[in-house]
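Participant: Predicted coordinates and the sequence they were generated for:
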Amino acid sequence: MKYSVKEILHLEVSPALGCTEPVAIALATAAAASVIPDKRPDKIEVWVDPNIYKNGLAVIIPGTGGLNGLDTAAALGALYGDPALGLEVLEPLDEESAKEACKYKDKNPVTVNLLENRHGIYVRALLTFGSDHVETTIEGVHDNIISLTLNGEPVKDSTLVKKQQAQKADVSKLEDFIKTLSLDDLVDMINDLDEQDFTFLKEGITYNMRLADYGLKHGSGLAVGATFEKLARMKILNRDMILAARTITSAASDARMGGIKLPAMSSGGSGNHGLTAILPIYAVSEFVDCSEKTMLEAIALSHLVTAYVKAQTGRLSAVCGCSVAAGAGATAGITYLMGGTPPQMAGAITNLTEDLAGIICDGAKCGCALKLATAAGTAVQAALFAIHGVNVHSTDGIIGSSPEQTMQNIGTLSTQGMIDTDRTILKIMLEKHFAGTEKLKRP
């Protein structure tokens, strides 16, 4: 089955409020709670795969005034989430309802169970209402609800399940399809963009720049972006396109990881990927002579390359996808923006891969802003180097003889070579948090 650029953008790019891992948990419990809407559950139990656990462990949940925790996300979803909103399930939330959710946790069991040998995105939520039990399962994609049952029987006419099962089938087929493409194919696809697509791409800039502006103004999270801006004002750093890309991308991550209740336009199932895929290109467009149309085409290419790499690595892995997936997308887009050729885009991707391939993913948290700053700046640098004839050789390390082979090697590294690394990262995180407030049960 073939997919158009419009279909790929529709499946891979969407608004998401908050880190998508705790959001997936909130979506699962919200879906279960919607089956018996006039009651609060007596007990909430959740089972998750290691990467959902790792990525959702420390990140702040938007609209809560600074709360984090997978059990908190589970309670918030069950009590106040709207499952019809998908990855924006926590939009109805405010700080008062967050306080109520904390009171609920004090009186009712909310447990998070780690399925240590489970691979791929997986969330199962079981809500108990007296003698009734409602169960939801999400698998493969953060908002893919594959089942919803009441007392062991499928909930009839569940539009949530039907809608998400159809989307999951499309995403799975899309990943198979996009793996067959070349970089040249991806570049060719942007010729099919229409006005509706350009409007959608502009919405992505609006979403993500809103986060960046907030982060710069308020110094959210680690205030990485605000600090870059301060250093530029002090003339300690020069205002160039690399600094501009690093500043707005990290500022947006500061706001998002700091729990600000503003959605990001995600890419490949991740809000931070979306920030990295879009904002460096937007920043560079202010420094080069290009039309808005060219900038939007560059962003579309960035999303396509990001989707290609994510199809190789999987949705979650031990490797920082913002660096190697969205970073690859961004550098390809920046090269296109500067008038570069497909061979130069290939060189930019290999340059970035050689630079950033070893960056680990140790969960979502405020410190992600530092990694996004690195990815954004390196995306610009890799593009500039490629355009000026500096290209990593195929004999170097994991670099392949083509950009496609290089991105496939990243997939192999992520899915095979760093399995033990991922376990070690999670082990270190568990040692820090096992005795904390989260109620974690080992199977």
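Facilitator: Arrived safely, thanks for sending. Numbers count the residues shown, from 1 in each chain.
Participant: give the contact list for Met429.
Facilitator: 54, 57-58, 362-363 (Cβ atoms under 8 Å, 6 or more residues apart in numbering). C-beta: built from backbone N, CA, C; applies to glycine.
Participant: same thing but 7 Å
Facilitator: Neighbouring residues of Met429 by Cβ atoms under 7 Å, 6 or more residues apart in numbering: 54, 57, 362-363.
Participant: so it, which of the three states?
Facilitator: Secondary structure for Met429, judged by DSSP: H, G, I helix; E, B strand; the rest coil, is helix.
Participant: where's it relative to Ile25, distance?
Facilitator: According to Cβ to Cβ, to the nearest Å, Met429 stands 17 Å off from Ile25.
Participant: now Ala75
Facilitator: 10 Å.
Participant: And those two? Which one has more around it.
Facilitator: Between Ala75 and Ile25, Ile25 has the larger neighbour count (other Cβ atoms under 10 Å), namely 32 against 28.
Participant: can you tell me which helix or strand the more buried one belongs to?
Facilitator: Element membership of Ile25, judged by DSSP states H and E, is helix 20-33.
Participant: What strand or helix carries the nearest residue to Tyr104 once chain neighbours are set aside?
Facilitator: Nearest residue to Tyr104 in three dimensions, chain neighbours excluded: Ala75, at 5.5 Å (Cβ to Cβ, 6 or more residues apart in numbering). Assessed by DSSP H and E, Ala75 sits inside helix 70-80.
Participant: Packing partners of that helix?
Facilitator: For helix 70-80, the helices and strands in contact under the criterion 3 or more Cβ pairs under 7 Å, 6 or more residues apart in numbering; DSSP states H and E are helix 20-33, strand 43-48, helix 50-56, helix 95-107, strand 110-114.
Participant: For Cys368, find the nearest of those.
Facilitator: Between Cys368 and the helices and strands packed on helix 70-80, the shortest separation by Cβ to Cβ is 9.8 Å, and it involves helix 50-56.
Participant: okay, that closest one in CSV with CA atoms only?
Facilitator: Coordinates of each C-alpha in helix 50-56 appear next as CSV, following Å, rounded to 0.1, in the frame of the first residue of the first chain:
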residue,chain,number,x,y,z
PRO,A,50,9.8,-0.4,30.4
ASN,A,51,10.1,2.6,28.0
ILE,A,52,6.7,4.0,29.0
TYR,A,53,7.9,3.7,32.6
LYS,A,54,11.3,5.3,31.9
ASN,A,55,10.0,8.2,29.9
GLY,A,56,7.1,9.0,32.2
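Participant: Can you work out which other helices and strands pack against it?
Facilitator: Under the contact criterion of 3+ Cβ pairs under 7 Å, 6+ apart, helix 50-56 touches helix 20-33, helix 70-80, helix 419-433.
Participant: Go again with 6 Å.
Facilitator: Under the contact criterion of 3 or more Cβ pairs under 6 Å, 6 or more residues apart in numbering; DSSP states H and E, helix 50-56 touches helix 20-33.
Participant: Kindly export the helix it packs on (C-alpha atoms) in CSV.
Facilitator: The C-alpha atoms that make up helix 20-33 are tabulated as CSV, following Å, rounded to 0.1, in the frame of the first residue of the first chain:
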residue,chain,number,x,y,z
THR,A,20,3.2,11.4,25.5
GLU,A,21,4.2,8.6,27.9
PRO,A,22,2.2,9.7,31.0
VAL,A,23,-0.4,10.9,28.6
ALA,A,24,-0.8,7.4,27.2
ILE,A,25,-1.5,6.2,30.8
ALA,A,26,-4.0,9.0,31.3
LEU,A,27,-5.7,8.1,28.1
ALA,A,28,-6.0,4.5,29.1
THR,A,29,-7.5,5.2,32.5
ALA,A,30,-9.8,8.0,31.0
ALA,A,31,-11.1,5.5,28.4
ALA,A,32,-11.8,2.9,31.1
ALA,A,33,-13.5,5.5,33.3
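Participant: any idea how far that helix is from the chain center?
Facilitator: Averaging C-alpha positions (Cα atoms, centre = their mean, to the nearest Å) puts helix 20-33 16 Å from its chain's average.
Participant: How about stretch 281-301?
Facilitator: 22 Å.
Participant: Show me what counts as buried in stretch 28-48.
Facilitator: 28-35, 41, 44-48 (16 or more other Cβ atoms under 10 Å).
Participant: could I get those residues as JSON lines with pLDDT and distance to Gln381?
Facilitator: Putting the buried residues of stretch 28-48 into JSON lines (pLDDT from 0 to 100; distance: Cβ to Cβ, whole Å) gives the following:
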{"residue": "Ala28", "pLDDT": "97", "distance to Gln381": "40"}
{"residue": "Thr29", "pLDDT": "98", "distance to Gln381": "43"}
{"residue": "Ala30", "pLDDT": "97", "distance to Gln381": "42"}
{"residue": "Ala31", "pLDDT": "96", "distance to Gln381": "43"}
{"residue": "Ala32", "pLDDT": "97", "distance to Gln381": "47"}
{"residue": "Ala33", "pLDDT": "96", "distance to Gln381": "47"}
{"residue": "Ser34", "pLDDT": "95", "distance to Gln381": "48"}
{"residue": "Val35", "pLDDT": "95", "distance to Gln381": "51"}
{"residue": "Pro41", "pLDDT": "97", "distance to Gln381": "51"}
{"residue": "Ile44", "pLDDT": "98", "distance to Gln381": "46"}
{"residue": "Glu45", "pLDDT": "98", "distance to Gln381": "47"}
{"residue": "Val46", "pLDDT": "98", "distance to Gln381": "42"}
{"residue": "Trp47", "pLDDT": "98", "distance to Gln381": "42"}
{"residue": "Val48", "pLDDT": "97", "distance to Gln381": "37"}
